[in-house]
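K.L.:
next come a sequence and a model predicted from it.
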Amino acid sequence: MTGAALPDLPDDQVALLATVGAEGPTVIPVSALHRVDERTLLFALKTDRASRKRLRDDARVAISLSG
C-alpha cells in the first residue's frame, strides 16, 4: 500500500467516510477519530448504522479529512 502518512489529528477532527454497497457509494460524517500510527485510523460507528454492514460486505473505503 502506498500513500502519505496520516497527519496528527486534533481532538475535534471530523471526517467523511465513504463506503461501497449495491446502491453505490454512501458518505457519512464520523468523529471520535484516533490515529494509531502513520497508516491506521480508528473511529466508532453506531451498531445500527448501515455503513457497518457495507463494511462487512465490502471493506473498500475512503476517508476525507478536512483541515
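P.N.:
Thanks, I have the structure now. Numbering: from 1, shown residues only.

K.L.:
the bottom helix or strand of the protein by mean pLDDT?
P.N.:
Lowest mean confidence among the helices and strands of the chain (mean pLDDT, DSSP states H and E): helix 50-57, at a mean of 89.

K.L.:
buried stuff in that one?
P.N.:
Within helix 50-57, the residues that count as buried by 16 or more other Cβ atoms under 10 Å are 51, 54-55. For every residue, glycine as well, the C-beta is placed using N, CA and C.

K.L.:
show me the contact partners of stretch 17-32.
P.N.:
Stretch 17-32 is contacted from outside by 12-16, 43-45, 49-51, 53-55, 57-58, 60-64, using Cβ atoms under 8 Å, 6 or more residues apart in numbering.

K.L.:
how long is that stretch end to end?
P.N.:
One end of stretch 17-32 sits 13 Å from the other (Cα to Cα, to the nearest Å).

K.L.:
distance of the spatially most central residue of the chain from Glu23?
P.N.:
The residue lying closest to the centre of the chain (Cα atoms, centre = their mean) is Leu17, at 4.1 Å. Look at Leu17 and Glu23: by Cβ to Cβ, to the nearest Å, they are 16 Å apart.

K.L.:
so what touches the least confident helix or strand of the chain?
P.N.:
17, 19-21, 26, 28, 45, 61.

K.L.:
so Leu41 is in which element?
P.N.:
Taking DSSP states H and E as the definition, Leu41 sits inside strand 40-42.

K.L.:
list the buried ones in that strand?
P.N.:
Leu41.

K.L.:
so what are the sheet partners of it and their directions?
P.N.:
Looking at strand 40-42 with DSSP bridges, its partner strands are strand 34-37 (antiparallel).

K.L.:
any stretches of the chain with poor pLDDT?
P.N.:
Scanning the chain for pLDDT under 70 picks out the ranges 1-2, 67.
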